[in-house]
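Trainee: Below is the sequence, then the predicted model.
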Amino acid sequence: IAGQIRRVIEDYLKDRTVEVDKENKFDISMGVPQGSILGPTLWNVLYDGVLSIDMPGGARLTTYANDLVALVVNPTEEGLVECGNETLRRVEGWMQENELALAPEKTEAIAMSGMRRPKKEIKFRLTEEGL
């Protein structure tokens, strides 16, 4: 991004604070202002690249609002875990390349199946503790 547009975006993101009350004022160094008009557009521009990541078979990425969703399908539990972990690894690699980070505390995994329940707890690994 060059020229005037770049200057507008830089100005939009610098020297931001939040004032809770008269005594409590905090600097904001990440993200865009909540409820801002430009925020969703900046998110879309940045995260468009993540949707181009080459995914393993049975996995695809999509977005909803400002969330990234990984959909992983596999007929076996072992294959599901393997594909899910590889998907997470690739997304995390893209995030690191773009100076972003996944937040494990905000990351969820939901297993959906037809009729049968998993034989054991399915654990995906983003960190040593899993998701």
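Mentor: That came in fine, so what should we check first? Residues are numbered from 1 along each chain as shown.
Trainee: Quickly list what the spatially most central residue of the chain is bridged to.
Mentor: Residue closest to the average C-alpha location in the chain (CA atoms, centre = their mean): Leu68, at 4.8 Å. Beta-bridge pairing for Leu68 (DSSP bridges): Thr63.
Trainee: same question, Lys25
Mentor: Judged by DSSP bridges, the bridge partners of Lys25 are Glu19.
Trainee: That one is in contact with Arg16, isn't it?
Mentor: No - with contact defined as CB atoms under 8 Å, Lys25 and Arg16 do not form a contacting pair (11.0 Å). Where you see a C-beta, it was placed from the backbone N, CA and C, and this is true even at glycine.
Trainee: Pick out whichever of those two has more residues nearby.
Mentor: Higher neighbour count among Lys25 and Arg16: Arg16, with 14 against 10, using other CB atoms under 10 Å.
Trainee: Isn't that one up against Gln34?
Mentor: No - Arg16 lies out of contact with Gln34 (CB under 8 Å); the separation is 11.1 Å.
Trainee: same question for the lengthiest helix in the chain, mean pLDDT?
Mentor: Using DSSP state H, we find that the single longest helix of the chain is helix 77-97. The average pLDDT for helix 77-97 rounds to 91.
Trainee: hmm, who's touching it?
Mentor: 49-50, 53-59, 61, 68, 70, 72-74, 101-102, 109, 111, 118-120, 122-126 (CB atoms under 8 Å, 6 or more residues apart in numbering).
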